[in-house]
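Novice: I would like the atomic coordinates for the input below:
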Amino acid sequence: MSHLLQFLKDIPAIWESIPVSHQLLLYGVLELGSILYILGQRRPPLATLSWILAFLFVPVLSVGFYFLFGPRKLKRRNVRRELARHQAAHHGPHRHQQLPDTLASRHWLLAQARVATECGSAPPRPVEQLEILVDGDATYATIEAAMQAARHHIHVEYYIFKADEIGTRWRDLLTEKAQAGVKVRMLVDAVGSPRCRRMSFWQPLLEAGGEVRVFNPPKVVPFRPSMVNFRNHRKIVVIDGHVGFTGGINIDQIESARCTGDSAWRDTHLRLRGHAAQDLQRLFLEDWLYAGARFVHLARLDKALTTPQDILAWFPPAPEGDGGRDGSRERLAGRERENREGSEGRGDRDNREDQENRERDTEKRGENRPAEAQPWVQIIDSGPDRSEYAIYRFFFAAMSSARRRIWITTPYFIPDEAIMVALTTAAGRGVDVRLLVPMESDQLLTGLAASTFVEEVLTRRVKVYAYVPRFIHAKTLVIDDELSVIGTANMDNRSFRLNFEVMAAIYDKKTTSDMARQFLKDLESSTQLHADHQPDSFNQRLVASLARLAAPLL
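Specialist: Residues are numbered from 1 along each chain as shown. Presented below is the predicted three-dimensional model:
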């Protein structure tokens, strides 16, 4: 590292020692090479032309900026990522799934599901139980109860995992379970969880037999832009191969009202039990194998990508019949309820009534419903290593074919032209298009850029609402009466093309009705925006317009 720093300091002197004619030659080679490289990327013509003009007029700075932030996808032939995906697909659930008549007969829903499967995502699968979790405290209590009930393994994958009160509590709980013989595997993103990528925080868990891996840690030598730009934004918890969680909630006390009071974020998460949980498990396995082999030499890659010895327990066979004749499902649910009651004894008694109501509601939505009426959930994943961009295409198709309503909740609204056209065209043909965003963004540049897109859709019959009480971080979508979506992807280019993301598409009237009811409840705490709601000054509009130029990177 010291030699590298010394070399960087010596660059100006080295450059001055080179004859001017040679400097011009080097400039020319750099420009030509950069232009040929970007032409080979087959980006949209306007983006390609913009980068070429930047290379010509701001040569050195623009080239460095491009190779840091410009590449939009990892190479499809990235050996480590492809082998990890192949291994996960080999051990994971079958791609083929017989759809029920209730779904297959609805051609619009069937076509919507095919959009994602054609991009490589899993097909819809039945779930025995599904629960919408609102805000951090309820979500943490539910996940912790499921962890306490774990018998074989707990797999955790998060973009943001902070070493605060919540993160420390989770680490200690996972350590306790590891000491009890449960296999614990933890995967955190290096950029989203900077403190928790250090093994010192995880030392108690490691000593108890748990495993921890870090996704794409930055590496100075050799420097690779993908280590910084392409992040794992997924939030996944899978327990014993049967219970899965995903959604917008990170492990951060800003999500907890008990820790931060009224400023806690408004967020949404999802708990499911059944076949679809194994698709979350497959994604975890893919990311886990990739993280373990990220810096392994290709000659030793086969050993690094060896699947865990307990892989059969990762994907347990689905229960026959109603899935609960042996009583195992009921026993696990009972243990979760007992653990929730125990957490109340540690200071959560004030939420006893809410938890009991949630449990009763969960039973109504899942286990007491006949098999043919159970929700079907499709786990949709996307990332920069694949050019299909499944989540982006799924959103575009859903918006384009919606007939009655499109209700979106997103913390960051920075869509591209295609999504803007889909939304405004839907509004123009009479679809009820509503957008719920935060009143104030937690990121200045992102908030400024988003304001320009909000102004644009307001003139095209899209109803926009700003959530007033606190920052809203939920990422949800309600389409008509039978499709709702919960997941990790924001409505921006970074989530659509640069990050590894996951969304759960739920094909179910009851769940969609519940999601719509929650959306309307959030609107009660929001104010509707209008095209002329706050005329900005020239300077404000100029700054916002400049921020919009950075939209592809946000």
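
Novice: look up how far A276 lies from Q378.
Specialist: Taking CB to CB, to the nearest Å as the measure, Q378 falls 8 Å from A276. Any C-beta I mention is one placed from the backbone N, CA and C, and that applies to glycine too.

Novice: between these two, what contacts are shared?
Specialist: Residues touching both Q378 and A276 (CB atoms under 8 Å, 6 or more residues apart in numbering) are 122, 124-125, 504.

Novice: what's the helix ranked longest in the chain packed up against?
Specialist: Scanning the chain for the longest helix, with DSSP state H as the assignment, gives helix 20-39. Packing contacts for helix 20-39, counted by 3 or more CB pairs under 8 Å, 6 or more residues apart in numbering; DSSP states H and E, involve helix 45-57, helix 59-69.

Novice: where in the stretch 451-554 of the chain is pLDDT low?
Specialist: 533-538, 550-554 (pLDDT under 70).

Novice: just the strands from the stretch 351-500 of the chain, written as ranges.
Specialist: In the stretch 351-500 of the chain, the strands defined using DSSP state E, counting those that start in this stretch lie at 376-382, 405-409, 413-414, 432-438, 463-467, 476-479, 483-487, 491-492.

Novice: what do you get for the stretch 101-250 of the chain?
Specialist: Along the stretch 101-250 of the chain, counting by DSSP E, counting those that start in this stretch, strands occupy 125-134, 153-158, 183-189, 211-215, 236-239, 243-247.

Novice: picking that back up, okay, Q378 and A276: which has more neighbours?
Specialist: More neighbours surround A276 than the other of Q378 and A276, with 29 against 25 (other CB atoms under 10 Å).

Novice: for the more buried one, what are its contacts?
Specialist: Residues near A276 by CB under 8 Å, 6+ apart: 122, 124-127, 244, 377-379, 504.

Novice: between those residues, which sits nearest G181?
Specialist: Nearest to G181 among the contacts of A276, counting by CB to CB, is G244 at 21.7 Å.

Novice: most centrally placed residue in this structure?
Specialist: What sits nearest the mean C-alpha location of the chain, by CA atoms, centre = their mean, is T488, with 2.9 Å.

Novice: my guess is that one contacts V502. True?
Specialist: Yes: if you go by CB atoms under 8 Å, T488 and V502 touch, sitting 5.6 Å apart.

Novice: which one is P469 nearest to, not counting chain neighbours?
Specialist: S525 (5.2 Å; CB to CB, 6 or more residues apart in numbering).

Novice: residue contacts, that neighbour?
Specialist: Residues near S525 by CB under 8 Å, 6+ apart: 467-469.

Novice: now with 10 Å?
Specialist: Each residue near S525 by CB atoms under 10 Å, 6 or more residues apart in numbering is listed here: 266, 439, 465, 467-470, 472.

Novice: any chance of a ChimeraX selection covering the buried ones in those?
Specialist: Applying 16 or more other CB atoms under 10 Å to the contacts of S525, the buried members can be selected in ChimeraX as follows:
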select :266,439,465,467,470,472
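
Novice: quick check: the farthest pair among the contacts of S525?
Specialist: Among the contacts of S525, Y465 and R470 lie farthest apart (CB to CB), at 14.4 Å.

Novice: before we move on, the earlier item: quick one: average pLDDT of the longest helix of the chain?
Specialist: The average pLDDT for helix 20-39 rounds to 76.

Novice: in it, what's buried?
Specialist: Buried residues in helix 20-39, counting neighbours by 16+ other CB under 10 Å, are found at 31, 34-35, 37-38.

Novice: how many neighbours does the nearest residue to G192 once chain neighbours are set aside have?
Specialist: In this structure, G192 finds its nearest non-sequential neighbour in Y159, 4.0 Å apart by CB to CB, 6+ apart. When neighbours are counted by other CB under 10 Å, Y159 registers 22.

Novice: so Y159 touches N216, yeah?
Specialist: No: counting by CB atoms under 10 Å, Y159 stays clear of N216, with 11.3 Å between them.

Novice: what is in contact with the two at once?
Specialist: Both Y159 and N216 are contacted by 189, 191, 231-232, 500, under the criterion CB under 10 Å, 6+ apart.

Novice: for those, work out which two are farthest apart.
Specialist: Distances among the shared contacts of Y159 and N216 were taken as CB to CB; the most separated pair is V191 and F500, at 12.1 Å.

Novice: those two - which one has more neighbours?
Specialist: With neighbours defined as other CB under 10 Å, V191 and F500 compare such that F500 has more, 28 against 21.
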